[in-house]
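Colleague: Sequence first, then the predicted structure:
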Amino acid sequence: MTTVAVLVDPPVEGAVLERFSGGLLDAGEAADLYSAMVRDICRAVEDSGGELLVNYRPADQVPADVDPEQSLREVLEPALASPDEARYEVQVGETFAGRVGNTVTYLLEEENVTTAAAVDPTGALLSRKRIDSAAMKLRSSEVVLGPSTEGRVYYAAFSDTIDFEDAYATPAVETLTDRARAAGLGVDFLPSDPVVARPSDLRSVIPLLNARQRAERLVPPRTTECLADLGLTLDIDGDDLSLVR
């Protein structure tokens, strides 16, 4: 069983998806979209063969008057089939790479789990199938990465540790691979999927979700519904796609 740590920021206005705020979305709408992605990705982990670990930011790294654990419980518990089985633990570290490294290293070395993975909620298209596929690949490779657009990763799973300092430096898929190979570890990959970290990502995500729906294939339901409710669509001009509302 892989313990999958979802590294989550409190889904409140002004604290998440800041690149969306002030443009097509206001801060509240950006928080709504982030909350939908958190629900989808945590439910995918719950439905997989893995163990869900909700890794939340400490109180001194979130807006004042926000309880980081409680804010996540309020968002997540209605979306989970067995909310009492989800683990909630505080993140340790100043950078994303540092927080991933501390969590993965602790799980592998202190809790003696066999495999551990880390994911950010912006990888909302992560499915149960991808998580279980990564678990299978970890039987023959110590590191399994889910590549995304522009060299990013939506999923990173480990059966051994690497040097995590600045391990997510752009392009993260290359940096993580180089760190794994430097440690003498094997690397394998999942199929590529887009992430939703900035508005331009929606030029890839929206057509993919539309196509999957028309083909009656799996989509992240809450994220898909939220994007539809927000009225985010693409304007097509020849070969050019632009995001409109």
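Modeller: Perfect, thanks for sending it. Residues are numbered from 1 along each chain as shown.
Colleague: ok, the residue sitting nearest the centre point of the chain - contacts?
Modeller: Geometric centre of the chain, nearest residue: Asp120, 2.6 Å, by C-alpha atoms, centre = their mean. Taking C-beta atoms under 8 Å, 6 or more residues apart in numbering as the criterion, Asp120 is in contact with 6-7, 96, 154, 195, 197. Bear in mind the C-beta positions are built from the backbone N, C-alpha and C, glycine included.
Colleague: Kindly report the same for Glu150.
Modeller: Taking C-beta under 8 Å, 6+ apart, we find Glu150 in contact with 170-171.
Colleague: Which members of the contacts of Asp120 occur in helices, if any?
Modeller: Of the positions in the contacts of Asp120, Phe96 sit in helices, assigned by DSSP state H.
Colleague: What helix or strand is Ala44 located in?
Modeller: Assigned by DSSP states H and E, Ala44 falls within helix 27-47.
Colleague: Which strands and helices lie in contact with the helix or strand that that helix is followed by?
Modeller: Moving toward the C-terminus from helix 27-47, the next helix or strand (DSSP H and E) is strand 51-56. Judged by 3 or more C-beta pairs under 8 Å, 6 or more residues apart in numbering; DSSP states H and E, strand 51-56 is in contact with strand 2-8, helix 27-47, helix 68-76, strand 87-90, helix 96-109.
Colleague: Pull up the pairing partners for the first one, direction included.
Modeller: Using DSSP bridges, the neighbouring strands of strand 2-8 in the sheet come out as strand 51-56 (parallel), strand 115-119 (parallel).
Colleague: which of the helices and strands packed on strand 51-56 sits most buried?
Modeller: Mean neighbour count (mean count of other C-beta atoms under 10 Å) peaks for strand 2-8 among these, with a mean of 25.
Colleague: gap between that strand and the chain center?
Modeller: 9 Å (C-alpha atoms, centre = their mean, to the nearest Å).
Colleague: Then stretch 12-32?
Modeller: Per C-alpha atoms, centre = their mean, the centroid offset for stretch 12-32 relative to its chain is 17 Å.
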